[in-house]
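Asker: Sequence first, predicted coordinates after that:
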Amino acid sequence: MRGNEVFIHSTATVHPKARLDPGIWIGPYSLIGEKVSIHKDTRIDAHVCIDGLTEIGESCRFSAFSSIGTAPQDIDYKEEETWVKIGDRNIFREFMTVNRGTIKGGGETVIGNDNYFMAYSHVGHDCCVGNDTIFINAATLGGHVTVDDSVTMGAFSGVHQFCRVGKYAFVGGYTVITQDVLPFCRVAGERPVHVYGLNSIGLRRKGFSRERVKTLKEIFKIFFYSNLNTAQALEKIEKEISSGEDRDEIINFVRNSQRGIIKKESE
């Protein structure tokens, strides 16, 4: 197969109106719907279903039995036209699912670039996933969830509707998230979820300097371990920590939280 060609296996079903850019490979028994748009160099393995008004970026990879762009799992959905938008270089492993948005939720499910979704993970309707995230096996997002950049979602973790997981956070396996997870944070557990401080190992792997990690530790000490309420902690952080990208990210995240922040200490 040449770089400017499209390969479609003889057993695959591809609607003639689907938009396929050069370099796409579509394997046996896969189904591509009428309103699907797939950009160049994307590979679709056997038994993949991509349907609905779905746009897929460049150089993505879909493993067997993944299902993308199907109707939202929402009892109020009445076949309205809604979307899935997926960026570049994403990997979707076996049985991974992504649902379209709903009109009441804004109509779009959006996934950024360079994400890795392991087997059986799920992105529900109206979710927004950033860039460079990892969803370990069976990690699940309810509807209307936001996951920011560089988050790791542990195996069999679940996020309640309308929650947000901040950038560079780590969510442990089997964790049930019902409030927002602070950026740069480690959380794990089920009923209650515990905070395990800064995601230090993950930040070092991402190239954070010692000074940057030290500043974040100071912020976390005030926010989680000073026995101050949220408003008092933010006031102290603004007073004692010099303005910077990470400090402002945390302050803005907390002030914009709709469901509150997970703050319970680990025992």
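Answerer: Thanks, I have the structure now.
Asker: Okay, now the unreliable bits of the stretch 51-200 of the chain?
Answerer: Residues of the stretch 51-200 of the chain meeting the criterion pLDDT under 70: none.
Asker: try 90
Answerer: Where the stretch 51-200 of the chain drops to pLDDT under 90, the residues are 190-192.
Asker: quick one: the helices in it?
Answerer: With DSSP state H, counting those that start in this stretch applied, the stretch 51-200 of the chain shows helices at 200-205, listed in chain order.
Asker: Check which residues of stretch 65-72 are buried.
Answerer: Burial within stretch 65-72, assessed by neighbour count using 16 or more other C-beta atoms under 10 Å, is assigned to Phe65, Ser66, Ser67, Ile68, Gly69, Thr70, Pro72. From N, CA and C alone the C-beta is placed, and that goes for glycine too.
Asker: now what about it, what contacts it?
Answerer: Taking contacts as C-beta atoms under 8 Å, 6 or more residues apart in numbering, the residues outside stretch 65-72 that touch it are 33, 36, 47-54, 56, 62, 77, 79, 82, 84, 86, 92-102, 124-126, 143.
Asker: Now the buried members of those residues.
Answerer: Listed as buried from the contacts of stretch 65-72 are 33, 36, 47-54, 56, 62, 77, 82, 84, 86, 92-102, 124-126, 143; burial here means 16+ other C-beta under 10 Å.
Asker: Give me the subset of the residues you listed lying in strands.
Answerer: The subset of those located in strands under the criterion DSSP state E comprises Cys49, Ile50, Leu53, Thr54, Ile56, Phe62, Val84, Ile86, Phe92, Thr97, Val98, Asn99.
Asker: and which of the residues you listed is nearest Glu245?
Answerer: Distance ranking of those against Glu245, using C-beta to C-beta, places Ile86 first at 27.3 Å.
Asker: how close does that closest one get to Cys49?
Answerer: Noted for Ile86: a distance of 14 Å to Cys49, by C-beta to C-beta, to the nearest Å.
Asker: how near is the nearest residue to Gly87 once chain neighbours are set aside to Gly173?
Answerer: Leaving aside its sequence neighbours, Gly87 sits nearest to Asn113 (C-beta to C-beta, 6 or more residues apart in numbering; 3.9 Å). Taking C-beta to C-beta as the measure, Asn113 falls 25 Å from Gly173.
Asker: Among these two, which residue is more densely surrounded?
Answerer: Neighbours were tallied for Asn113 and for Gly173 using other C-beta atoms under 10 Å; the higher tally belongs to Asn113 (17 against 14).
Asker: show me what contacts the more buried one?
Answerer: For Asn113, the contacting residues are Gly57, Gly87, Asp88, Arg89, Asn90, Asn131, Asp132, taking C-beta under 8 Å, 6+ apart as the criterion.
Asker: Ranking by neighbours, what's the top pick from those?
Answerer: Counting neighbours by other C-beta under 10 Å, Asn90 leads the contacts of Asn113 with 25 neighbours.
Asker: Can you tell me how far Phe135 is from Val98?
Answerer: As judged by C-beta to C-beta, Phe135 and Val98 stand 11 Å apart.
Asker: actually Asp149, not the one I wrote
Answerer: Counting by C-beta to C-beta, the gap from Asp149 to Val98 is 18 Å.
Asker: ok, now Leu20?
Answerer: To Val98, Leu20 is 19 Å away according to C-beta to C-beta.
Asker: For stretch 159-172, list every residue counted as buried.
Answerer: Under the neighbour-count rule (16+ other C-beta under 10 Å), stretch 159-172 has 159, 161-172 buried.
Asker: no no, stretch 231-247
Answerer: So stretch 231-247, judged by 16+ other C-beta under 10 Å, has buried residues Ala233, Leu234, Ile237, Ile241, Asp246, Arg247.
Asker: For Pro31, name its beta-bridge partners.
Answerer: For the record, residue 31 is Leu, not Pro. Here Leu31 sits in beta bridges with Thr13, Cys49, going by DSSP bridges.
Asker: Count the residues that sit near it.
Answerer: 17.
Asker: just the one 3 residues further on next, same as before
Answerer: Applying the criterion other C-beta under 10 Å, we find 12 residues in the vicinity of Glu34.
Asker: ok, and the closest non-adjacent residue to it?
Answerer: With C-beta to C-beta, 6+ apart as the measure, His15 is the residue that lies nearest to Glu34, at 4.1 Å, once sequence neighbours are left out.
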